[in-house]
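**Student:** Below is the sequence, then the predicted model.
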Amino acid sequence: MTKIDIRFVVNGQEAVGAAEPRMTLADYLREELGLTGTHLGCEHGVCGACTILLNGETVRSCLMLAVQADGQILQTVEGLEEPDGRLHPVQEAFSRHHALQCGFCTPGFLMSVVEFLEEGATTDEQQIRERLSGNLCRCTGYHNIVRAVQELAEHQS
Amino acid sequence: MSYIGQRLTRKEDNHLLTGRGLFLGDIRLPRMMEAAILRSPIAHGEITRIDTSRALEIPGVHAVVTAQDLEGDIGPITRPFYKTIPEHVARETNLVVHPYRAQLLAAEKVFRVGEPVAVVLAVDRYVAEDALEAIEVEYEPLEPLTDPMSAMRDGAPQLHPEVPGNIHCSFHTGSGDVIAAFEDAEHTMSTHIRVGRSIGSPIETRGVVAEFDRSTGSLSIWATQQKPHLLRSYLSEMLGMPEAHIRVVSPDMGGSFGGGIYNEEILLPFLATRLKRPIRWIEDRRENLGNARHTRDQYHDVEVAFNSDGTIVGLKDRFLIDAGAYNPFVITLSYNTAAHLRSEFKIDNFDVEGICVLTNKRDNTPVRGAGRTSATFVIDRIVDMVASRLGQDPADIRRKNLIPGEMMPYDMGMLYRDGGRIVYDSGDYPAQFEKALKLADYESFRAKKLAAREEGRRIGIGISAHVEGSGFGPHEGATIRIDESGHVTVHSGSNPHGQSHETVLAQVCADALGVTPDQVTVRAGDTDLIAHGGGTFASRSAVTAGSAVHAAAGRLRTKVLAIAAGILEVSEHDLVVADGSIAVRGVPDSSLSFADVARAAAPGPGSRLPEGIGPGLEETDYFVPPTVTYSSGTHLAVVEVDAETGMVAVLEYYVVDDCGLILNPTVVDGQQHGGVAHGVGNALLEEVFYDESGQLLNASFMDYLLPTAADVPSITVEHETHLSPLNPLGIKGAGEGAAVSPPAAIANAIINALEPLDIEITEMPMSPSRVWRAIQEAQSVGD
């Protein structure tokens, strides 16, 4: 199958390559760019493990084609940490509150929470729960994820 | 200082938070082929023709494998798992099992939708899936068995020739004199209870990577596997290779709530040895929902005998499990249900019969809770029904029947599956119960409920309690080594998939050895690390691996002290160890580091070993539990029911848990939260539906609903700790218990919310349509 040239910025770096038109963005990030922090849990847009930021907004990278990312600005979980290894405040809060167990859904949650905070998150528990309901976690029961987000939101406000 | 009991932040977090985890799908090897599996589209039928020629013509397809290609080279799975059941258990429980052969790829017949028929190996998954569509298979459909009752009837189609009447296995056991108890009781009552089929659903799907090294003739396998050593053993037998030539690695795993050994984990490594190229297979979600093994799916006919004062004097249960097409765990699930059916209650007269019936569905095997969720749903519904019949508060009926604290340890009068007698080893159930009621403010709930009713809201409260035989054997090991930099490495045979072994086992090791957790690295999930291993299941790791680490570290400390005493020319009794340094008591500048001792222990001319002590600082211990240890918990759920729609919202949730010694409270509480959420899913949302032709109707996350953050409430957890006498630290399991009680607590709360309507709930999950129907039925009776 013919490949199509694509070029985009991911985590501040330009990525130049080519992908078959049918290749998903998630597969391209993982298999072609080695950004395996973006996980695939359902490949039909429900679980949210593959959530990344596209021009600052969350998208399911399993529901996008790689070619659709041409010319866009992407951020994945690998882009959260500072170059010197300091964790992003959301990552720190997740660790402090034991908001991850197996860690498979975590990258998707982190990206969703980053967007949530950028928008000016509420500290209201029910609203936080509604907002997080686009990401599935089978280990934590969400309890500590909600606590981490509440603390981040309180800090922000 | 003691590190056990501290809320240490987890060692495993950093790599998982930064995208540096190594999950199965992240493994990519040179020359790797990707596999896709063609699965049966029908539930029961004969394969009359397979033509792979068109698939083989697709560029990028390397091979297409069918059962024909395996013939004479690798056999079906015939390992007699049932032989792990001790003989006296089989005898005393009247066990009957009919072994059968489980094919790796369907040869002549398919027994369920999703059964593997062919494997494609191609340059990538896209091409491999293209090729699946080009394989032509013709089937002659046979009558599908989708209902276990019909599967048992005379003249029903026979699935496996070795299993007469499709009844794969059965047992019948009990305690006391149930006949006399029923004759003497003032009341009896019977009911039918149904527990729906659900799926473990880890967020990572299953997968296998296999690589055959042609120069050494050895095989490496990476698999999403809870029991890597068991997989190695299967592979060794079926591939005819020495265990030493097989390495099984369970990398980071995205959850795993049950499962066992799967065909793909045998088949793909086998193909890697034949095709001499690495292979990767990762299932998609549809495959996972249809082919990762299912669970629960039970039908109970229960009878209870009780007196007017609320004392339950006898219990009879004859239940049936819809086991699906194969039943690899034999009586694991059904016997777990029987063993836990009486929960925390003193019901000495007991009779239980469990049978596993084969149908054309996916296998029914243990998933978090493993038979206990069903058992607890049954008994806690029964207790509330007794309360309702007698017009008493369900809390009072429980008070009447809980095993009193002073009667512990309590012998339940039957055997556990591991061969031990069921003797609840520790705990104080009434204390746990009262603590939970206080936590939930049960006494003032009636007033709250009335106030809510004034506003037109229907809220209710429900109780459930459970016990869990945890820390299943037969063994778990640890090897601990101190290297010449002074760093400590623990190799564990129990591998985690979210349970925080790296942190918790480091805490145990640090205390026993006299170092800080920072000085300890825990490694697990690799058969090359330790000769024997069990894995992580049955809430066993803290109990078994924790005890092994404790013992091995203790022995290593003794050796460290002996060597240090020789160097410092003092008695071992004069030495103190803390944070990785050894000093003579009262002489702080005399200290030696663990690195000093490790160098002194190294073989060779620089060695400073006392006479009679061998070189190296390494110890291995295998903990062999005498039997399981019984953790327990009491749960209260507060729900709101919308009587117009049957929708149920869980508003509050309370847990009082007894898992013995708590190694890390943050980790234990996290296990409770996750278990409750799983239980809420089982209670309200999760159910697998097959139609009459055996098609799975809801194999996507759009249709099979997992609980989201909006479906689960905030969870309040407290502990009522009683140490187990069955292991040196007093640990009891914490992984599964919290998933056991929610369906029962929520069912009882729904009924409470709808009072005075006399609602009957005898089926889980309590989907809106079922709750709505129950309301309609109760109203029509009332009219």
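**Tutor:** Yep, it's here.

**Student:** show me the contacts for B:H44.
**Tutor:** Taking CB atoms under 8 Å, 6 or more residues apart in numbering or on different chains, we find B:H44 in contact with B:109-112, B:141-145, B:157, B:159, B:360, B:694. C-betas here are computed from N, CA, C, even on glycine.

**Student:** Next: B:A524.
**Tutor:** B:491-496, B:501.

**Student:** okay if I get the contacts of B:H44 as JSON lines plus secondary structure?
**Tutor:** Output for the contacts of B:H44, formatted as JSON lines (DSSP: H, G, I helix; E, B strand; the rest coil):
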{"residue": "B:K109", "secondary structure": "strand"}
{"residue": "B:V110", "secondary structure": "strand"}
{"residue": "B:F111", "secondary structure": "coil"}
{"residue": "B:R112", "secondary structure": "coil"}
{"residue": "B:P141", "secondary structure": "strand"}
{"residue": "B:L142", "secondary structure": "coil"}
{"residue": "B:E143", "secondary structure": "coil"}
{"residue": "B:P144", "secondary structure": "coil"}
{"residue": "B:L145", "secondary structure": "coil"}
{"residue": "B:P157", "secondary structure": "coil"}
{"residue": "B:L159", "secondary structure": "coil"}
{"residue": "B:N360", "secondary structure": "coil"}
{"residue": "B:G694", "secondary structure": "coil"}
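
**Student:** Among the contacts of B:A524, which pair sits farthest apart?
**Tutor:** Longest distance between any two of the contacts of B:A524 is 13.4 Å, between B:H491 and B:P496; criterion CB to CB.

**Student:** Does the spatially closest residue to B:G255 that is not a sequence neighbour belong to a helix, a strand or coil?
**Tutor:** Spatial nearest neighbour of B:G255, excluding adjacent residues (CB to CB, 6 or more residues apart in numbering or on different chains): B:P202 at 3.3 Å. Judged by three-state DSSP, the three-state class of B:P202 is coil.

**Student:** Burial check on B:P202, number of neighbours?
**Tutor:** 26 (other CB atoms under 10 Å in any protein chain shown).

**Student:** And B:V781, by the same measure?
**Tutor:** With neighbours defined by other CB under 10 Å, the count for B:V781 comes to 10.

**Student:** For the stretch 251-400 of chain B, which residues are neighbours of chain A?
**Tutor:** B:252-255, B:257, B:284-285 (CB under 8 Å from any CB of the partner chain).

**Student:** which of these lies closest to B:P625?
**Tutor:** Distances from B:P625 to these, taken by CB to CB, are shortest for B:F257, at 22.2 Å.

**Student:** which ones are touching the closest one?
**Tutor:** So B:F257 contacts A:138, B:200-202, B:367-368, B:678 (CB under 8 Å, 6+ apart).

**Student:** swap the cut-off to 7 Å and go again
**Tutor:** Counting by CB atoms under 7 Å, 6 or more residues apart in numbering or on different chains, B:F257 makes contact with B:200, B:202, B:367-368.

**Student:** what about residue 96, neighbour count?
**Tutor:** I'll assume chain A. A:R96: 15 neighbours (other CB under 10 Å).

**Student:** not quite, I wanted chain B
**Tutor:** 14.

**Student:** check contacts around it.
**Tutor:** B:169-170.

**Student:** now swap in B:D418 and tell me
**Tutor:** Applying CB under 7 Å, 6+ apart to B:D418 gives the contacts B:472-473, B:627-628.

**Student:** that older thread, nearest to chain A, of the contacts of B:F257?
**Tutor:** Within the contacts of B:F257, the smallest distance to chain A is 5.8 Å, found for B:P202 (CB to the nearest CB).

**Student:** Hmm, that closest one is touching A:R138, no?
**Tutor:** Yes - between B:P202 and A:R138 there is a contact under CB atoms under 7 Å: 5.8 Å.

**Student:** who touches both of these two?
**Tutor:** Common contacts of B:P202 and A:R138, defined by CB under 7 Å, 6+ apart, comprise B:G255.

**Student:** thinking again about what came up before, show me just the buried residues among the residues of the stretch 251-400 of chain B next to chain A.
**Tutor:** Using 16 or more other CB atoms under 10 Å in any protein chain shown as the burial test, these include B:252-255, B:257, B:285 as buried.

**Student:** which secondary element of chain B has the worst mean pLDDT?
**Tutor:** Ranking every helix and strand in chain B by mean pLDDT, DSSP states H and E puts strand B:587-593 at the bottom, with a mean of 88.

**Student:** Mark out where each domain of chain B begins and ends.
**Tutor:** For chain B, automatic domain parsing gives the domain ranges B:294-472+B:626-782, B:473-623.

**Student:** One more: chain A?
**Tutor:** A:4-79, A:89-156.

**Student:** Please identify the deepest-packed of the ones you listed.
**Tutor:** domain A:89-156 (a mean of 22; mean count of other CB atoms under 10 Å in any protein chain shown).

**Student:** Which parts of chain A are strands?
**Tutor:** Applying DSSP state E to chain A gives strands spanning A:4-10, A:13-19, A:51-54, A:57-60, A:73-75.
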